[in-house]
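Q: what's the 3D shape of this:
(chains A and B)
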Amino acid sequence: MLIANRGEIAIRVARTARALGFPTVAVYSDADRFAPHVQACDRAYWIGASEPRESYLNIDRIVGVAKAAGARFVHPGYGFLSERPRFVEACQRAGLVFVGPSAENMERMGDKIQARATADELQVPRVPGSAGAVKSPAEAASVASKIGYPVLLKAAAGGGGKGMRRVNEAGQIAAAFEGASREALSAFGDGAMYVEKLILEPHHVEIQVFGDGKGGAIHLGERECSVQRRHQKVLEESPSPVLNQFPDTRPRMFEAAVRITKHLRYAGAGTLEFIVDGEGNYYFLEMNTRLQVEHPVTEWVTGVDLVAMQLLLAAGELALPTEGPDRSGSSVEVRVYAEDPKNFLPAPGKIGVIDPPSGPFVRWDSAFRGPGEVSMFYDPMIAKLSVWGPTRAEALQRMRVALDELRIEAPMAPDGTREGSLKTNLGFLRRLVRNGDVLAGNTTTDLIEKHPELKAPPGGAPGREAAIAAALARMLGQAAVTQEGESGVSHSVWSWQARREGARS
Amino acid sequence: MSGIRGKVGPVALSWKTIPRGPRGTAQLEIDGGDTLTVSWRRDMDGIWIELPDGLYGFDVRSVRGDDGSLSFDLSERGSAAEWRGLRFLRAGEEAMAGAGGAKSGNAKVKAEMPGKIVKVFAVEGQAVARGDRLLVMEAMKMENEILAPAAGKVSGLSVKPGESVEAGALLLTVVGGA
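A: Predicted structure coming up:
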């Protein structure tokens, strides 16, 4: 099986493939020579320059390599080519089995407008919005005035928060449309926008489904991914806290998700995304026709290896069960990003130290081990950390401890400072899992906006212990940190500093 | 030997013995109180300190400021508590540090990551208020507005729309800011 991806997901897929006895083929770009995902596979082929469109998005190159390697299966992971119908078709033409849905399913559900039409046809409720793509600010304004402000502008071809804007009033819509449309055009090659009503107190809840391609489908429970910054998920969990408040909503969402999946004769793993409002109403948003980043939380609560299920279904070695698996306990995942928590902008760079946590029911999915580099060419996610507990409270306690154990630092310069551009959201995540609203399950999608204190440490005056530690840090210098022995020349920053300032030491 | 006196924020520390080495013990007076014993052990990420009432661990990150001085970002182990920019200033250094802070009136606006300039709102010589939009940059496929970090005058505007910039590139300076 060829894995047409990189990073943690390529490693994660390779692990399952190897466990099932599928020989694995990796592909890599210039930037990923000797990358961990290359090492995780049996064979590896170079597919082009570092820019994704030259390598991981290069359909002809990847299909050619798959043929040359003698692969029978192609797993796309998430991102990159995972939701490109043209890639599915190219695989089929080359006689390869694409591990995922048909090109037709992908085309239909990948387009938000067609996906919404399908929901309407099956009478699954969805958020009021424009019937089709709108192409001008004036058209957007006219739809918005009909459905009422605030509205959300979304790229018709988009995802991941790119090309998305909230508009509170008519005066802002023209500027927002232009910015979002330009962003969508550059990210997806299509500037068409969709206008929809903004739901208040929204929760993002999604249902994991599997289909057999013949009209059979099951669900594997829900995930709530409401905690988002820049419309990108940062904490995901199952079960959903908002559905725990509205237990009647859950089975109705499951039924709707399975109904859509059956109707499509969908094959493989998919996710139906919904918005759930503060009163337990649910609205269909879109379908993701791939494995999701946050699939580990479903694996934790169901005990099912989703990649194994994908592979065995695609290989015809498994008949889809008629019922979804039982679910038990509670799982939480956080995404550790190379980003500046002040503004959530990517801050990729070299990693000097990475020390993952461990312990009971702790899972660490990452392509980083020891010194490395978060490449500016790719997504700045460093790792996914997930935990399981019998209850949500216990899962969050384990997550708190795991995050406290985790260390990620830029490389150390000779003077003891950290050099390079790497920043991480680790401090943010540590505060997040202690946040009162997170602990209480009040996880609306605006949680991070409501708690600006999450972005920066409270600061304030240091206590006695911190003051002593800071004073010792200056006086002892950095040499002591890197050498365990007590011999050697003192490279004390204290004396260095004193010399520098011309002071007598 | 005379000790070393200084302050970290408001906390006055008077070291009776001078600490040395990756682990050791020293005598210390805090805020003019009783003398107590502190032992420490450094490790890869920071330091453990032992005080009469217990053991405390901190991750320590050294940060070199624009003026060459070192400060320390600390996060307490097993807690979300963090402090940024802590400095142990010896008696006499505080005045110097204060003077250094006051004279820097210019705010440099740098590209935080490699990307492309999409729009430039700022005009050379223009007076801006803190939070005013200066330019729009696209990086990692997202558009980001870059806002004025302080009030002042735009100076040294060196980029045009469509131009690619490296991480850390100086885009402009807000003179008289901060």
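Q: where does chain B dip in pLDDT?
A: Along chain B, the parts satisfying pLDDT under 70 run over B:1-2, B:94-105, B:140-141, B:177-178.
Q: Please enumerate the helices of it.
A: Taking DSSP state H, the helices of chain B run over residues B:93-103.
Q: List the contacts of residue 57.
A: Going with chain A. With contact set as C-beta atoms under 8 Å, 6 or more residues apart in numbering or on different chains, A:Leu57 has these partners: A:Phe80, A:Leu81. Every residue, glycine included, has its C-beta placed from N, CA and C.
Q: that's the wrong chain, I meant chain B
A: The contact partners of B:Gly57, taken as C-beta under 8 Å, 6+ apart, are B:Gly46, B:Ile47, B:Trp48, B:Ile49, B:Glu76, B:Arg77, B:Gly78.
Q: now A:Val63
A: A:Val74, A:Ala90, A:Cys91, A:Ala94, A:Leu96.
Q: Kindly supply the PyMOL command isolating those of the residues you listed that are buried.
A: The following PyMOL line selects those of the contacts of A:Val63 that are buried, judged by 16 or more other C-beta atoms under 10 Å in any protein chain shown:
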select buried, chain A and resi 74+90+91+96
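Q: mind putting the contacts of A:Val63 in JSON lines, pLDDT included?
A: Below are the contacts of A:Val63 laid out as JSON lines (pLDDT from 0 to 100):
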{"residue": "A:Val74", "pLDDT": "98"}
{"residue": "A:Ala90", "pLDDT": "98"}
{"residue": "A:Cys91", "pLDDT": "98"}
{"residue": "A:Ala94", "pLDDT": "97"}
{"residue": "A:Leu96", "pLDDT": "98"}
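Q: which of the contacts of A:Val63 are close to chain B?
A: By C-beta under 8 Å from any C-beta of the partner chain, no member of the contacts of A:Val63 lies near chain B.
Q: Name the residues of stretch A:179-194 that are buried.
A: Under the neighbour-count rule (16+ other C-beta under 10 Å), stretch A:179-194 has A:179-184, A:186-188, A:190-194 buried.
Q: Please identify which of the contacts of B:Gly57 is nearest to A:Arg363.
A: B:Gly78 (21.1 Å; C-beta to C-beta).
Q: I'd say the closest one and A:Glu405 touch.
A: No: checked against C-beta atoms under 8 Å, the pair B:Gly78 and A:Glu405 is beyond contact range at 9.0 Å.
Q: So if I had to pick from these two, which one is more boxed in?
A: A:Glu405 (16 against 12; other C-beta atoms under 10 Å in any protein chain shown).
Q: Leaving out chain neighbours, which residue sits closest to the more buried one?
A: A:Pro357 (3.7 Å; C-beta to C-beta, 6 or more residues apart in numbering or on different chains).
Q: Specify which member of the contacts of A:Val63 is nearest to chain B.
A: A:Ala90 (23.9 Å; C-beta to the nearest C-beta).
Q: Show me how far the strand or helix carrying A:Ala90 is from its chain's centre.
A: A:Ala90 belongs to helix A:85-93 when elements are defined using DSSP states H and E. Remark: helix A:85-93 is offset 25 Å from the chain centroid, using C-alpha atoms, centre = their mean, to the nearest Å.
Q: Outside of it itself, list whatever touches it.
A: A:4, A:59-60, A:62-63, A:66, A:74, A:76, A:81, A:97-98, A:100-104, A:106-107, A:110.
Q: which of those residues count as buried?
A: By neighbour count, with 16+ other C-beta under 10 Å, these hold A:4, A:59, A:62-63, A:66, A:74, A:76, A:81, A:97-98, A:100-103, A:106-107, A:110 as buried.
Q: In helices only, show me these.
A: Those of the buried ones among the contacts of helix A:85-93 mapping onto helices are A:Ile59, A:Ile62, A:Val63, A:Ala66, A:Ala103, A:Met106, A:Glu107, A:Gly110, per DSSP H.
Q: Redo those residues as JSON lines? Include pLDDT and distance to A:Arg229.
A: Listed next are those as JSON lines, based on pLDDT from 0 to 100; distance: C-beta to C-beta, whole Å:
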{"residue": "A:Ile59", "pLDDT": "97", "distance to A:Arg229": "32"}
{"residue": "A:Ile62", "pLDDT": "98", "distance to A:Arg229": "32"}
{"residue": "A:Val63", "pLDDT": "98", "distance to A:Arg229": "36"}
{"residue": "A:Ala66", "pLDDT": "98", "distance to A:Arg229": "36"}
{"residue": "A:Ala103", "pLDDT": "97", "distance to A:Arg229": "33"}
{"residue": "A:Met106", "pLDDT": "96", "distance to A:Arg229": "28"}
{"residue": "A:Glu107", "pLDDT": "94", "distance to A:Arg229": "31"}
{"residue": "A:Gly110", "pLDDT": "86", "distance to A:Arg229": "25"}
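Q: Now do the domain split for chain B, please.
A: Domain ranges of chain B: B:4-90, B:107-175, per automatic domain parsing.
Q: Quick one: mean pLDDT for stretch A:11-21?
A: Averaging pLDDT along stretch A:11-21 gives 98.
Q: got the buried residues for that stretch?
A: A:Ile11, A:Arg12, A:Val13, A:Ala14, A:Thr16, A:Ala17.
Q: residues in contact with residue 161?
A: No chain was given, so I picked chain A. A:Gly161 sits in contact with A:Gln228, A:Arg230, A:His231, A:Gln232, B:Met142, where contact means C-beta under 8 Å, 6+ apart.
Q: The intended chain is chain B.
A: Taking C-beta under 8 Å, 6+ apart, one finds B:Ile117, B:Val118, B:Lys119, B:Val120 in contact with B:Pro161.
Q: contacts with chain A among these, please.
A: Among the contacts of B:Pro161, proximity to chain A is found for B:Val118 (C-beta under 8 Å from any C-beta).
Q: near chain A too, which of the contacts of B:Gly57?
A: For chain A, the contacts drawn from the contacts of B:Gly57 by C-beta under 8 Å from any C-beta are B:Gly46, B:Ile47, B:Ile49, B:Glu76, B:Arg77, B:Gly78.
Q: Just among those residues, which is most surrounded?
A: B:Ile47 leads those on contacts (other C-beta under 10 Å) with 25 neighbours.
Q: just to revisit the earlier point, sort out which one of the contacts of B:Gly57 lies nearest B:Glu124 for me.
A: B:Gly46 (45.1 Å).
Q: Poorly predicted segments of chain A, please.
A: In chain A (pLDDT under 70), the answer is A:159-160, A:478-505.
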